[in-house]
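Visitor: What follows is a protein structure lacking sequence information:
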């Protein structure tokens, strides 16, 4: 969840105008399988960019490229 939140916040921040910042308002995670070792990879994409909020979807994959979790979060834009 921490990795997904950070990735979603980063993809949101990178698309903001200069001087704007972001903070997570809501976050919903679905865990599909455990990861007991190795590397995980997070891929975050903006789903919707509004004037005051951005919705981001982050997919987390294990070393075998299996989807292990997915998070949808809404970020406030300030």
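Guide: Yes, it's here. Here the structure is a predicted model, which means the values were calculated and not measured.

Visitor: pLDDT on stretch 66-73, on average?
Guide: Computed over stretch 66-73, the mean pLDDT rounds to 98.

Visitor: Run through the strands of this protein in chain order.
Guide: Assigned by DSSP state E, the strands in the chain fall at 22-31, 41-49, 53-61, 67-77.

Visitor: Residue 41 against residue 60, yeah?
Guide: Yes: the criterion here is C-beta atoms under 8 Å, and residue 41 meets it with residue 60 at 7.2 Å. For the C-beta atoms, the positions are set from N, CA and C on the backbone; glycine is no exception.

Visitor: neighbour count winner among those two?
Guide: The residue with more neighbours, out of residue 41 and residue 60, is residue 60; 23 against 13, by other C-beta atoms under 10 Å.

Visitor: which residue sits closest to residue 41, ignoring its sequence neighbours?
Guide: residue 61 (4.8 Å; C-beta to C-beta, 6 or more residues apart in numbering).

Visitor: What degree of burial does the one you found show, as a neighbour count?
Guide: That count, for residue 61 with other C-beta under 10 Å as the rule, works out to 16.

Visitor: wait, residue 52 sits on residue 77?
Guide: Yes: between residue 52 and residue 77 there is a contact under C-beta under 8 Å: 5.5 Å.

Visitor: who has more neighbours, those two?
Guide: Between residue 52 and residue 77, counted using other C-beta under 10 Å, the more crowded position is residue 77 (18 against 9).

Visitor: Name the residues linked to that one by a beta bridge.
Guide: residue 22 (DSSP bridges).

Visitor: Tell me which residues touch it, please.
Guide: Listed by C-beta atoms under 8 Å, 6 or more residues apart in numbering, the contact partners of residue 77 are 12, 16, 20-22, 50-54.

Visitor: Now flag whichever of these is closest to residue 29.
Guide: Set against residue 29, the nearest of those by C-beta to C-beta is residue 12 (16.5 Å).
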